[in-house]
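[1] return a 3D structure for these sequence lines:
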Amino acid sequence: MDDAQLQELLHKRGEVPRHVAAIMDGNGRWARQRSQVRYAGHYEGVESVRDIVEACAELNVEYLTLYTFSTENWDRPTLEVKALMRLLAHTVKKERANLVDNNVCLKTIGDLSQLPRRCQLEIQKTVRKTASNTGLTLVLALSYSGRWDMTEAARQLAQMVANGVIDPEDVDEDIVGGLLDTGNIPDPDLLIRTGGEYRLSNFMLWQSAYSELYITDCYWPDFRREELYKAIRSYQDRDRRFGRVPVNGNGYETCSSDS
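    From the prediction side, this is the model:
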């Protein structure tokens with residue numbers, strides 16, 4: 001069965017998630033298993049990114065968010081951080097034409113001011129070049145963490161209250177969510193983590209409140225479209241209740257927990 005047939009079966013099988021997010025873990029362990037330097041895992045991981053982006057675009061997934069570099073990653077060895085920044089700048093530049101040709105729109109979340117100037121320039125250029133594309137929106141989380149995101153939103157909200165723009169009693173989830181870096185991006189339906197760890201690692205803490213989690217032992221460099229299809233099939237097999245309970249097979253009734 002070819003790939004087009006597999007994708008057709010996925011669509012017939014059930015709903016394809018509108019927004020897929022991924023914690024791309026396991027590059028270093030993948031390299032170590034092969035007695036290679038850690039950078040080799042990062043370079044191979046780029047091939048997985050390319051394949052997953054293409055597969056999501058073909059499946060008509062609307063948003064794909066990749067946890068590319070966290071605020072905690074700055075604490076890694078200096079040489080590794082420099083290598084990652086070089087790889088980021090190189091890849092964003094190299095893939096620019098492919099993104100344009102495949103109608104992919106690039107966006108970013110995170111504190112880009114912390115990135116080297118070359119990275120910032122290459123990212124800004126690719127964001128501008130793809131801004132009018134109407135297909136998949138690829139979101140790179142760079143120098144990002146969930147706590148940073150919520151702290152920045154809280155700071156903005158406090159300033160708005162202090163300036164009399166909003167009354168404290170009018171603050172609600174929609175206002176807080178709109179101040180996050182992902183304010184114009186829907187919450188992830190499916191959150192994938194490769195590498196087998198069972199934690200969010202400070203990624204999209206607010207946004208993933210009702211995301212379906214899919215944990216796989218597969219390291220990111222080995223995570224290609226076949227693994228993505230497994231994750232989507234798992235997603236399709238779940239009953240997303242959002243804290244409600246079914247009522248005689250006709251919709252849902254709100255209850256106090258997600259049980």
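[2] in the stretch 101-250 of the chain, which spans are helices?
    Per DSSP state H, counting those that start in this stretch, the stretch 101-250 of the chain carries helices over the ranges 117-130, 146-162, 173-179, 225-236.
[3] out of those helices, which is closest to residue 72?
    Proximity to residue 72 (C-beta to C-beta) singles out helix 146-162 among the helices of the stretch 101-250 of the chain, at 10.1 Å. All C-beta atoms are positioned from the backbone trio N, CA, C, and that covers glycine.
[4] quick one on the thing from earlier: for residue 52, find the nearest of the helices of the stretch 101-250 of the chain.
    If we rank the helices of the stretch 101-250 of the chain by C-beta to C-beta, the stretch that ends up nearest is helix 225-236, at 5.7 Å.
[5] next helix or strand past the helix or strand containing residue 44?
    Using DSSP states H and E, residue 44 falls within helix 38-58. As assigned by DSSP H and E, the chain's next helix or strand after helix 38-58 is strand 63-70.
[6] hang on, the earlier thing: which neighbouring elements make contact with the helix holding residue 44?
    helix 27-33, strand 63-70, helix 78-94, helix 225-236 (3 or more C-beta pairs under 8 Å, 6 or more residues apart in numbering; DSSP states H and E).
[7] tell me how far that helix is from the chain's mean position?
    The chain centroid and the centroid of helix 38-58 are separated by 13 Å under C-alpha atoms, centre = their mean, to the nearest Å.
[8] buried set for it?
    Neighbour-count burial for helix 38-58, with 16 or more other C-beta atoms under 10 Å as criterion, is recorded at 38-46, 48-49, 51-57.
[9] against residue 209, how distant is residue 70?
    Separation of residue 70 from residue 209 (C-beta to C-beta, to the nearest Å) stands at 19 Å.
[10] of those two, who's got more company?
    Ranked by neighbour count (other C-beta atoms under 10 Å), residue 70 and residue 209 place residue 70 first, with 21 against 12.
[11] look up the closest residue to that one, ignoring the ones flanking it.
    residue 145 (5.5 Å; C-beta to C-beta, 6 or more residues apart in numbering).
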